[in-house]
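the following comprises the amino acid sequence and a computationally predicted model.
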Amino acid sequence: MSFGALTRFRVMAYATGIMLLILVFVAMPLKYLADEPGLVDLIGPVHGLLYFVYVVIVLDLAFRRRWAPWRALLVMLAGTIPFASFVAERRVTRADRVTRAEQ
């Protein structure tokens, strides 16, 4: 098992989650309530890029850990739902620690 793959996943889960929270709870309200689209124009593409990297890293981790396809898909989708990437990160990390302890 590669510790680096898990670390990359954890970093990207947090980065993607934080950018999504800023997009949904700061930038989007500014765009629609205050007619200020500038932050959406900045944060939207950044989140999109981070999400793309997140998906690639999840796929790498899924292949290394031999996850079932449905599990990899659920973890990938977590990057599109506010707060879900944090939950996915905790669950994946906990499951990885249990697996390492059993070996």
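Nice, thanks for sending it over. Since the model is a prediction, treat every value here as computed from it, not as a measurement.

in contact with L30, which residues?
For L30, the contact set (Cβ atoms under 8 Å, 6 or more residues apart in numbering) comprises E36, P37, G38, L39, V40. For every residue, glycine as well, the C-beta is placed using N, CA and C.

how far away is it from V92?
32 Å (Cβ to Cβ, to the nearest Å).

can you check R65 too?
9 Å.

low-confidence ranges in the chain?
1-3 (pLDDT under 70).

quick one: the helices in it, in order.
3-22, 28-33, 38-65, 69-77, 84-102 (DSSP state H).

just say which of these is most tucked in.
Most buried of the helices of the chain, by mean neighbour count (mean count of other Cβ atoms under 10 Å): helix 3-22, with a mean of 18.

ok, back up a step: want to throw the contacts of L30 into CSV with distance to H47?
Listed next are these as CSV, based on distance: Cβ to Cβ, whole Å:
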residue, distance to H47
E36, 17
P37, 15
G38, 15
L39, 11
V40, 10
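
quick check, nearest of those to I18?
L39 (14.2 Å; Cβ to Cβ).

what's the separation between the closest one and F25?
As judged by Cβ to Cβ, L39 and F25 stand 11 Å apart.
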